[in-house]
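Asks: Structure for the following, please:
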Amino acid sequence: MDLTIRQALPEEYAALGEITAQAYLRDGLLDFGESDSYLDELRDVAKRAGAAEVLVAVEGDRLLGGVTFVPAGGPMADIAGPGEAEIRMLAVDHAARGRGAGEALVRACVDRARAVPGCLGVVLSTQRTMHTAHRIYARLGFLRTPERDWNPLPELFDLRLLTYALTL
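Replies: Got it, this is the predicted structure:
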């Protein structure tokens with residue numbers, strides 16, 4: 001596979017938003033399906049690109065997936081502390097899974113974190129059922145950090161997110 005990782009182009013935002021939303025929907029990761037308010041956030045790639053770096057995996061002219069890289073701090077950070085970058089919203093089109101796009105996107109985020117002055121680590125949150133992603137994180141040296149696990153919406157439902165960290 002001739003895979004390229006690069007910044008998302010504005011003309012790709014809608015397609016990437018739909019890939020991300022469909023990945024979460026098809027994997028059963030949204031409690032309320034199409035009415036889940038987080039779905040709007042997943043689809044709003046332009047908003048993410050204005051606050052962080054959105055990367056895509058492409059093969060030729062085919063968009064395979066994307067990820068949001070949040071350098072230390074920034075409005076898109078959920079759990080990153082001082083000196084940490086964060087990975088958010090990793091998603092690969094179902095038809096393109098198993099071909100290395102997800103791992104390549106995570107590797108690109110790690111490479112970007114290493115280039116950020118003062119960045120000492122990379123953190124991320126994931127759902128319990130994202131087993132394929134967990135294997136990617138472990139393969140790349142990320143370790144579980146259960147003391148950082150959290151629930152983004154405790155007033156609505158119990159959605160405990162697992163956390164991982166990689167020391168650079």
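Asks: what's downstream of the lowest-mean-pLDDT helix or strand in the chain, the next helix or strand?
Replies: In the chain, no helix or strand scores lower on mean pLDDT, DSSP states H and E than helix 37-43, which sits at a mean of 84. Beyond helix 37-43 in the direction of the C-terminus, DSSP states H and E gives the next helix or strand as helix 45-51.
Asks: which of the residues in that following helix are buried?
Replies: For helix 45-51, the neighbour count (16 or more other C-beta atoms under 10 Å) marks 45, 47-49 as buried. Heads up, the C-betas are built off the backbone N, CA and C, glycines and all.
Asks: from these, which is closest to residue 122?
Replies: In terms of C-beta to C-beta, no member of the buried residues of helix 45-51 lies closer to residue 122 than residue 48, at 17.2 Å.
Asks: And that closest one, what's its pLDDT?
Replies: Listed pLDDT for residue 48 reads 96.
Asks: Mind listing residues that contact the helix or strand hosting residue 135?
Replies: Under the criterion of DSSP H and E, residue 135 resides in helix 131-139. Here helix 131-139 makes contact (C-beta atoms under 8 Å, 6 or more residues apart in numbering) with 90, 97, 102-103, 106, 124, 126, 162, 164, 166.
Asks: Now find how far off-centre it is within its chain.
Replies: Helix 131-139 has its C-alpha centroid displaced from the chain centroid by 13 Å (C-alpha atoms, centre = their mean, to the nearest Å).
Asks: For that helix, buried residues please.
Replies: For helix 131-139, burial by neighbour count (16+ other C-beta under 10 Å) applies to 133-134, 136-137.
Asks: picking that back up, redo the buried residues of helix 45-51 as JSON lines? Include distance to residue 146.
Replies: Below are those laid out as JSON lines (distance: C-beta to C-beta, whole Å):
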{"residue": "45", "distance to residue 146": "31"}
{"residue": "47", "distance to residue 146": "30"}
{"residue": "48", "distance to residue 146": "27"}
{"residue": "49", "distance to residue 146": "32"}
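Asks: Nearest to residue 150 among those residues?
Replies: For the buried residues of helix 45-51, the minimum distance to residue 150 (C-beta to C-beta) is 20.0 Å, reached by residue 48.
Asks: close enough to count as contact, the closest one and residue 69?
Replies: No: counting by C-beta atoms under 8 Å, residue 48 does not reach residue 69; the two are 9.8 Å apart.
Asks: joint contacts of those two?
Replies: Both residue 48 and residue 69 are contacted by 54, 88, under the criterion C-beta under 8 Å, 6+ apart.
Asks: hmm, which of the contacts of helix 131-139 are the buried ones?
Replies: The neighbour count (16+ other C-beta under 10 Å) marks 90, 102-103, 106, 124, 126, 162, 164, 166 as buried among those.
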